[in-house]
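S.K.: Build the 3D model from these lines:
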Amino acid sequence: MEGHIEIFQGSPCKENLIFSEKNLIVDGAGMHVVDILTNLHSPSALTHKIQASSIKDFGIKAITLGSAQGATGYNRYSVSADSGPSALTPIPPQPTDTTIQPATTGPGKEGHFLNYYNFSSATGLTLEEVRKHGCYLPSAGIYFDGSTFGYTHDGSVSNDMSGAVSGHLNTQGAINSDGYILESTVARSAQTLADASGGFIVSGNRLEVSGTRMVKYILTITYEDWKFLDYYYGGIGAIGLWTLDREATLAKYNNESETAEIDLYKVADTTRNPVFKLFAKKVFLPGGLKLNEATVYDDYITITWGLKF
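M.R.: Have a look, this model is predicted:
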């Protein structure tokens, strides 16, 4: 198995390509393949189903984004002027990695961007603590003064992010509080590139995949979501593909039935966030993924991640 990442500024076409490299398949991927090969189906004749996986539990279930060295490079949003972005060198990847950057405490507990703004009422944290944890623009939006994002004037002059700005990923309900970006809720057979900003999409039907032996996972990051992450949270310095850890997820449900349904999209209930296992990752050069500063407001980044079997 091998993975390859292509990143485009705008739509995925040759002239928009800004990055192309192989990824690192971590040891957790091998464990996932073993799980698939030893999958225990629940016999239909049993009146009481045993704890068994279904085929829908397997495959890539989430994508995460993170800054180099995790929360170390966070700048934190302020309503006025600030100290400027960071450009740390990411920690090099290892096959034994279980996170895309080393996990720490607090804002860095997952090793990638958290999504506490959108779930601030469920965190029990103060506003300043929520800002420290970050990281994605909430669906309700944030109002930015004209002096944010490094502008040095008094705020009376608008910039390309001033005013009320909402995050597209959160507006679409495609990301949980732990920062795991889920597949688009659009039926896979009907997914188009336009759906990739509301959760990743999966390319190829069964016939195409059987012929090429490749599946592609495609995610677009809108200009607003990218710029907030880039300026205040260290930029996109690492990304990861994740599978579902069914056993660990069910363990969180305590005394519920062994056949408890795992609903990835029940994002409002943060106590039922699934547990995921890292499958593959990629780290980038200091400064992370960039859009051209002369870009238009409606530009975006498209991440295309192919796995070939």
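
S.K.: where along the stretch 101-250 of the chain do the strands fall?
M.R.: 142-144, 163-165, 181-182, 201-203, 214-222, 238-244 (DSSP state E, counting those that start in this stretch).

S.K.: which residues sit in contact with the closest residue to residue 66 other than its chain neighbours?
M.R.: In space, and not counting its chain neighbours, residue 66 is closest to residue 112: 3.4 Å by CB to CB, 6 or more residues apart in numbering. Just so you know, the C-beta spots here come from the backbone N, C-alpha and C atoms, and that holds for glycine as well. Counting by CB atoms under 8 Å, 6 or more residues apart in numbering, residue 112 makes contact with 64-66, 70, 99-101, 179, 238, 240.

S.K.: Apply 6 Å and report the result again.
M.R.: 64, 66, 100, 179 (CB atoms under 6 Å, 6 or more residues apart in numbering).

S.K.: Identify the residues contacting stretch 113-131?
M.R.: 65-66, 76-77, 133-136, 138, 170, 175, 177, 179, 270.

S.K.: Run through the stretch 151-300 of the chain and note the low-pLDDT ranges.
M.R.: Counting by pLDDT under 70, the ranges of the stretch 151-300 of the chain that qualify are 152-156, 204-211, 255-260, 293-297.

S.K.: How are the helices of the stretch 101-250 of the chain distributed by residue range?
M.R.: Secondary structure of the stretch 101-250 of the chain (DSSP state H, counting those that start in this stretch): helices at 120-123, 127-133, 168-171, 206-212, 223-232, 246-252.

S.K.: can you redo those as JSON lines with distance to residue 95?
M.R.: Listed next are the helices of the stretch 101-250 of the chain as JSON lines, based on distance: least, CB to CB, whole Å:
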{"stretch": "helix 120-123", "distance to residue 95": "33"}
{"stretch": "helix 127-133", "distance to residue 95": "29"}
{"stretch": "helix 168-171", "distance to residue 95": "29"}
{"stretch": "helix 206-212", "distance to residue 95": "26"}
{"stretch": "helix 223-232", "distance to residue 95": "27"}
{"stretch": "helix 246-252", "distance to residue 95": "21"}
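
S.K.: what's the closest of those helices to residue 291?
M.R.: Closest approach to residue 291 among the helices of the stretch 101-250 of the chain (CB to CB): helix 223-232, 6.0 Å.

S.K.: List the residues that contact residue 269.
M.R.: With CB under 6 Å, 6+ apart, residue 269 has no contacts at all.

S.K.: on that earlier part again, and the strands of the stretch 101-250 of the chain, which is most packed in?
M.R.: Of all the strands of the stretch 101-250 of the chain, strand 238-244 carries the top mean neighbour count, a mean of 26, counting by mean count of other CB atoms under 10 Å.

S.K.: can you list contacts of it?
M.R.: 32, 57, 60-62, 64-66, 90, 100-101, 274, 276-283.

S.K.: What's opposite the closest residue to residue 276 other than its chain neighbours in the beta bridge?
M.R.: Spatial nearest neighbour of residue 276, excluding adjacent residues (CB to CB, 6+ apart): residue 242 at 3.9 Å. Beta bridges link residue 242 to residue 62, residue 278, judged by DSSP bridges.
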